[in-house]
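Colleague: Take this sequence and fold it.
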Amino acid sequence: MPVVHSHPPTTIAAAPSGSRAPEANGTPTLLIDKLSFSYPDGHQALFEVSLEVSAGEKVALVGPNGAGKSTLMLHLNGILHGKGEVKVAGLPVTKPNLPAIRGMVGVVFQNPDDQLFSPTVFEDVAFGPLHMGLPEAEVRRRVAEALAQVGMSDYAGRLSHHLSVGEKKRIAIATVLSMHPEILVLDEPSAGLDPRARRQLIRLLRDLPLTMLVSTHDMLMVRELFPRMVVVDEGRIVADGPTALLFEDVALLEEHGLERP
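Modeller: Model (predicted):
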């Protein structure tokens, strides 16, 4: 997996062999090809962004505020739609495919209160499977499975709005795990967490056997958890490669508002 760049290039490096998980059918879990997007006010947020994420990869998306990271992530489940191509597990992100796409792309927002709106934890985690039309027994099985994956099995009857921020983030992750997604997409997952909750979150993300694309400013977490790092600035991918290798390029990090941990 080579480091790739938009214009102008800032560094050149090669990934070690075997840095990507093999695809069972040759299709990447996520494929973005020359994606551009402008907001209604004329501000162009993305410029021909191309990115592939293979099954099982854990990829960090880093860059300064306003770089286009959140805009990019909102294209993955069809909330935004720009020019270019986005595919999840080979399925184009188009209007007819949105119900299926939104089951395959588990997006977890920075503020968990944006995702937790039911009276109880159980109802929050059951919401997605219910709307998939699954039978009650399968819904209950998926809720139990998802809560177990995030270490919150005893919280099913709790009131979501009474939980701590760290607990809410775990439940927000469970709400998408219950959909059995192809890829987990998280926006600033460690923001607002105390050290204990942050450490619990890192362990959780490390242990989840899922493809992940995570936008974050937490460079210590990036170093510890994500073998691959994609640097975004001014709507372009300026570097993409092994995290350890890119962290050695201090000039690159400084140029794009990042600090080496």
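
Colleague: Give me the distance from stretch 151-170 to the chain's centre.
Modeller: Taking Cα atoms, centre = their mean, to the nearest Å, one finds stretch 151-170 lying 21 Å from the centre of the chain it belongs to.

Colleague: Same question for stretch 198-215.
Modeller: Centroid separation for stretch 198-215 versus its chain: 10 Å, with Cα atoms, centre = their mean.

Colleague: average pLDDT for that stretch?
Modeller: The average pLDDT within stretch 198-215 is 94.

Colleague: Going by neighbour count, which residues of that stretch are buried?
Modeller: For stretch 198-215, the neighbour count (16 or more other Cβ atoms under 10 Å) marks 198, 200-202, 204-205, 210-215 as buried. Just so you know, the C-beta spots here come from the backbone N, C-alpha and C atoms, and that holds for glycine as well.

Colleague: Stretch 49-62 too?
Modeller: If you call a residue buried by 16+ other Cβ under 10 Å, then stretch 49-62 has these buried ones: 49, 51-55, 57-62.

Colleague: Tell me the pLDDT of G66.
Modeller: At G66, the pLDDT value in this model is 89.

Colleague: give the contact list for it.
Modeller: By Cβ atoms under 8 Å, 6 or more residues apart in numbering, the contact set of G66 is empty.

Colleague: In terms of helices and strands, where is it?
Modeller: In this assignment (DSSP states H and E), G66 forms part of neither any helix nor any strand.

Colleague: how near is it to G257?
Modeller: Between G66 and G257 the distance is 10 Å, computed by Cβ to Cβ, to the nearest Å.

Colleague: again with L205
Modeller: Distance of L205 to G257, given as Cβ to Cβ: 24 Å.

Colleague: got it, and E138?
Modeller: For E138 relative to G257 (Cβ to Cβ), the value is 46 Å.

Colleague: Which of the two has more residues huddled nearby?
Modeller: Remark: of E138 and G257, G257 carries more neighbours, 15 against 12, as counted by other Cβ atoms under 10 Å.
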